[in-house]
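Peer 1: my questions concern the predicted model and sequence given below.
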Amino acid sequence: MELVPVISGNSLRGVLRRIAEGMLRDVLDYEGQLPLAVAHALPNGGAIVKTQAEPITGRRLHQLRELVPLLSVFGGAIGAAPIDGCLRVGDVVPVSPKRPQSFAEATRGSRFRPGSTSKPSSPTPTSTM
């Protein structure tokens, strides 16, 4: 059995989030000017906390997404509820000339299916010997 390195989609998503936040910070120059929860949510996705406050929904959520586009792309957790982002990132599986294979073969067993526009499907069961 050949071992193939894989980078989890969640790891790649985190790297992309931190790069995007760094670019936004450089352009808007907001270093040290944000509340702690917001400063944590932008590069790290935030944290769900127990609160009595109502979750951000409807018009307030729409305004927040317009003000902070990274939230629309990557999503995050603000207060007691997660906010979905539109970016879906699958696992990174290398394909090289030494080991040619189709994209379908490379993504077999992945939670994400090529060409899918829906949410991730459940993992494909694999047999072990």
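Peer 2: Arrived safely. All values derive from a computational prediction rather than experimental measurement.
Peer 1: what distance do you get for Leu71 to Val95?
Peer 2: 33 Å (CB to CB, to the nearest Å). Where you see a C-beta, it was placed from the backbone N, CA and C, and this is true even at glycine.
Peer 1: where do the helices of this protein begin and end?
Peer 2: For the chain, applying DSSP state H gives helices covering 9-28, 36-44, 58-67, 69-74, 103-106.
Peer 1: Leu71 and Val95 - which one has more neighbours?
Peer 2: Neighbour totals were compared for Leu71 and Val95, and Leu71 leads with 23 against 14 (other CB atoms under 10 Å).
Peer 1: report the contact partners of that one.
Peer 2: Ala41, Leu64, Arg65, Ile83, Gly85 (CB atoms under 8 Å, 6 or more residues apart in numbering).
Peer 1: about what we covered before: dump the helices of the chain to CSV, plus mean pLDDT.
Peer 2: What follows is the helices of the chain, written out as CSV (pLDDT from 0 to 100):
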stretch, mean pLDDT
helix 9-28, 93
helix 36-44, 83
helix 58-67, 88
helix 69-74, 90
helix 103-106, 60
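Peer 1: need the winner for burial among those helices.
Peer 2: helix 69-74 (a mean of 19; mean count of other CB atoms under 10 Å).
Peer 1: now that helix, how far from the centre of its chain.
Peer 2: 10 Å (CA atoms, centre = their mean, to the nearest Å).
Peer 1: so who does Asp84 touch?
Peer 2: Gly75 are the contacts of Asp84 under CB under 8 Å, 6+ apart.
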